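Need coordinates for the following:
(one chain, ligands or ions: 2)
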Amino acid sequence: MSAAADRLNLTSGHLNAGRKRSSSSVSLKAAEKPFKVTVIGSGNWGTTIAKVVAENCKGYPEVFAPIVQMWVFEEEINGEKLTEIINTRHQNVKYLPGITLPDNLVANPDLIDSVKDVDIIVFNIPHQFLPRICSQLKGHVDSHVRAISCLKGFEVGAKGVQLLSSYITEELGIQCGALSGANIATEVAQEHWSETTVAYHIPKDFRGEGKDVDHKVLKALFHRPYFHVSVIEDVAGISISGALKNVVALGCGFVEGLGWGNNASAAIQRVGLGEIIRFGQMFFPESRDETYYQESAGVADLITTCAGGRNVKVARLMATSGKDAWECEKELLNGQSAQGLITCKEVHEWLETCGSVEDFPLFEAVYQIVYNNYPMKNLPDMIEELDLHED
Ligand SMILES: NC(=O)c1ccc[n+]([C@@H]2O[C@H](COP(=O)([O-])OP(=O)(O)OC[C@H]3O[C@@H](n4cnc5c(N)ncnc54)[C@H](O)[C@@H]3O)[C@@H](O)[C@H]2O)c1
Ligand SMILES: O=P(O)(O)OC[C@H](O)CO
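Ligands and ions are numbered 1, 2, ... in the order given. The predicted structure is shown next:
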């Protein structure tokens, strides 16, 4: 291959104008050996991001191996295996119905087999399943494998509050970044334009351009004409906002369900954004304030999630029906997960451990409503009382 042909023109026109980014080049070196990519998870977002990745792997054969494996938690749909349905009809009829998937996306029910000889893993499962997935993967993933986590949530345990990307790094010994953004899955799957943010630190054992994953490779992997990607360094910032906006969305769902309208929802989002930023400043000082304002993973994700995400829908039904969170999740989501329900508990446990509950009155109010049945109509007072107490 000639030197000129050795570089691919990838992304002209989509290079993060006006903001300082890691990658401003439009050329990408062909890989010495095309990177093999696996997506772990096949839910609503898992299948959507697998579609995105498979399209790019097919489109850039000099950089990526064309076949993308997608690990599927196997289940039967009307007597047929979901993996067989995906591999023959190219649709995930349960979690992303009505969307045709690329034929180079191969569903695999065997987790260990799906990561055989892989170079890049994209994690995409509801985060309550991550510890079990990691324990199964241990010993089966080479330390040079790179990963991106699309999960939204935290791991809270003996080590305190952890980003899920850090948890993956610790458990599997691999470098892991994150992808997060204003990305309602069905809209991305239907190829309606949206933006996202990918954050990744280049590891110390980086093997060089064309041999290892860098920001340009990640841009090539995720960027589509309908899915615009900015690549930055702030893994903590995008992960914190991705996790916590789900808790804020529950608060919005409560006030909407009570019939209080747009002003109340905007008030919850205002308070929520403040608590998200404070959480980052207090517990992840490496996160950058501007990420919350400037990135799709920040305020844009907060807005879209509070408008049309799964958490707001579940909370709205809790308010209108009087049913508990788990009944509403089951009734509305057909096996999908409203991650805010678990995240608000993780956040509560962490804030209690470190004596900081009163610094986060909205997060605490959401937790008390979901888990201890506190009346939703008291939400404004719960926020204000704690504010006054703080003064
Ligand atoms: N859906 C969205 O719009 C969206 C957008 C961006 C990010 N995310 C995030 O992506 C992550 C994955 O979300 P999703 O929408 O793909 O999932 P989902 O909520 O659709 O969950 C369903 C998935 O969970 C799997 N599952 C069920 N039981 C399991 C088990 N015991 N072990 C492993 N997997 C099991 C199912 O097979 C299915 O693939 C979440 O953290 C979510 O917050 C979602
Ligand atoms: O549907 P949700 O509530 O899981 O949110 C979806 C995405 O995170 C929005 O960006």
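
tell me which element whichever residue of the stretch 1-150 of the chain sits closest to ligand 2 falls in.
Nearest residue of the stretch 1-150 of the chain to ligand 2, counting by CB to the nearest ligand atom: Trp45, 6.9 Å away. Where you see a C-beta, it was placed from the backbone N, CA and C, and this is true even at glycine. Using DSSP states H and E, Trp45 sits in helix 44-59.

distance of Val347 from Arg278?
12 Å (CB to CB, to the nearest Å).

And these two? Which one has more around it.
The residue with more neighbours, out of Val347 and Arg278, is Val347; 26 against 14, by other CB atoms under 10 Å.

low pLDDT regions in the stretch 101-250 of the chain?
Within the stretch 101-250 of the chain, not a single segment meets pLDDT under 70.

Next, count neighbours for the residue lying closest to Lys94 once chain neighbours are set aside.
For Lys94, ignoring the flanking residues on the chain, the nearest one in space by CB to CB, 6 or more residues apart in numbering is Ile77 at 5.7 Å. Ile77: 12 surrounding residues under other CB under 10 Å.

about what we covered before: could you list which residues are in contact with the residue of the stretch 1-150 of the chain closest to ligand 2?
Asn124, Cys150, Asn183, Ala185 (CB atoms under 8 Å, 6 or more residues apart in numbering).

tell me the phi and psi of Phe360?
phi -130, psi 60 (degrees, to the nearest 10).

Look up how far Pro126 lies from it.
23 Å.

neighbour-wise, which of the two wins?
A side-by-side neighbour count of Phe360 and Pro126, using other CB under 10 Å, places Phe360 first with 26 against 21.

Contacts only, for the residue nearest to Lys94.
Contacts of Ile77 (CB under 8 Å, 6+ apart): Ile85, Val93, Lys94.

Glu74 too?
Lys81, Leu82, Thr83, Pro109.

show me where the stretch 201-350 of the chain has strands.
227-232 (DSSP state E, counting those that start in this stretch).

Show me which residues of it are close to ligand 2?
For the stretch 201-350 of the chain, the contact set with ligand 2 under CB under 6 Å from any ligand atom comprises Asn246, Ala249, Asp301, Thr304, Thr305, Gly309, Arg310, Asn311, Gln339.

same thing but 8 Å
Where proximity means CB under 8 Å from any ligand atom, the interface of the stretch 201-350 of the chain facing ligand 2 comprises 242, 245-246, 249, 301, 304-305, 308-313, 336-340.

pLDDT weak spots in the stretch 251-391 of the chain?
385-391.

Quick check: residues of it near ligand 1?
So the stretch 251-391 of the chain meets ligand 1 at Gly309, Arg310, Leu333, Gly335, Gln336, Ser337, Ala338, Gln339 (CB under 8 Å from any ligand atom).

run the last query once more with 6 Å
Near ligand 1, when you scan the stretch 251-391 of the chain using CB under 6 Å from any ligand atom, you find Gly335, Gln336, Ser337, Gln339.

Need phi/psi at the third one.
Spelled out, it's Ser337. Torsion angles, degrees, to the nearest 10, at Ser337: phi -130, psi 140.

which residue packs closest to it, ignoring adjacent ones?
Pro126 (3.9 Å).

Identify the residues contacting that neighbour.
Listed by CB under 8 Å, 6+ apart, the contact set of Pro126 reads Gly43, Leu151, Ser337, Gln339.

Quick one: classify Thr38 as helix, strand or coil.
Thr38 falls in the strand class when you classify it by DSSP: H, G, I helix; E, B strand; the rest coil.

from now on call the first residue 22
With the count now opening at 22, the last piece we talked about shows up as Thr59.

these two touch, right, it and Val93?
No. Thr59 lies out of contact with Val93 (CB atoms under 8 Å); the separation is 11.5 Å.

do the helix or strand where Val209 lies and ligand 2 meet?
Assigned by DSSP H and E, Val209 belongs to helix 206-210. No. Using CB under 6 Å from any ligand atom, helix 206-210 never reaches ligand 2; the gap is at least 6.7 Å.
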